[in-house]
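# What follows is a predicted structure for the sequence shown.
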Amino acid sequence: MPNPKFRRTQERYYSPHHRLFQIAGIAVKDAIKSKAGLDLNILKAITFSALGAEAFLNALGYRTNLEWETFEKRATGEKLEILCGFFNLPFEKTLEPWQALNCLFQLRNDIVHGKPEHLRTEHVMPEVALEKTRFDHPKSSLETQLTVGNADRYFEATKNMLETFRKTVPQDIAFDIFQEGWSGSVSLT
């Protein structure tokens, strides 16, 4: 028998939110356990939590056929509210995790559309305090929000959002969104 040929077929529904949440989770852990690169890990955790949340909402919105062209153009907070309504989930902006997510989306916008800020501080202090604060620098309004506490809060809010939707979304929609995987088959040609 000559060398047989095989047909290999693989199928996967891809959504970037899986990888984005993974990056955010690693960055939060790194920010909590080490001072090295603390500011960068906090920024990475917050940014990737926001990117993951939006990618997740886009994946869910796409799969639910919510007039995709219109849905895709909406602000992230609006997408969240629309999907909560679609799946009959209680949505109250002042309650968790929705409150944290709205803060996350606003902070994401502040990061992406960052504006320069002139900062000037003046302190009168004794010499011992001067030495202790020698490497301190003024922080912008954006930088004051980049804390380990906020990074952890926002990442936890994204996990709570996923779990809330996971409990409600029908299996035919949820299967490819809440887990990452693929299927395949091989046959002789």
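Right, received. Where do you want to start?

# ranges for the strands of this structure?
All strands of the chain, identified by DSSP state E, fall at 6-11, 183-188.

# Just list what the last one packs against, helices and strands only.
For strand 183-188, the helices and strands in contact under the criterion 3 or more CB pairs under 8 Å, 6 or more residues apart in numbering; DSSP states H and E are strand 6-11. (Each C-beta comes from the backbone N, C-alpha and C, glycine too.)

# Listing partners with orientation, what would you give for the strand it packs on?
Strand 6-11 has its sheet partners listed here by DSSP bridges as strand 183-188 (antiparallel).

# List the contacts of Arg63.
The contact partners of Arg63, by CB atoms under 8 Å, 6 or more residues apart in numbering, come to 173, 176-177.

# Tell me the most packed of the residues you listed, by neighbour count.
The residue in these with the most neighbours, by other CB atoms under 10 Å, is Ile177 (21 neighbours).

# Could you measure from that one over to Gln171?
Per CB to CB, to the nearest Å, Ile177 is found 11 Å from Gln171.

# Also Ile111?
The value you get for Ile111 to Gln171, if CB to CB is used, is 36 Å.

# Could you save the contacts of Arg63 as a markdown table and add columns showing distance to Thr76?
Shown next, in a markdown table, are the contacts of Arg63 (distance: CB to CB, whole Å):
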| residue | distance to Thr76 |
| --- | --- |
| Ile173 | 20 |
| Asp176 | 21 |
| Ile177 | 17 |
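
# for these, which one is nearest Arg153?
Closest approach to Arg153 among these (CB to CB): Ile177, at 23.7 Å.

# That closest one against Ser15, yeah?
Yes: if you go by CB atoms under 8 Å, Ile177 and Ser15 touch, sitting 6.4 Å apart.
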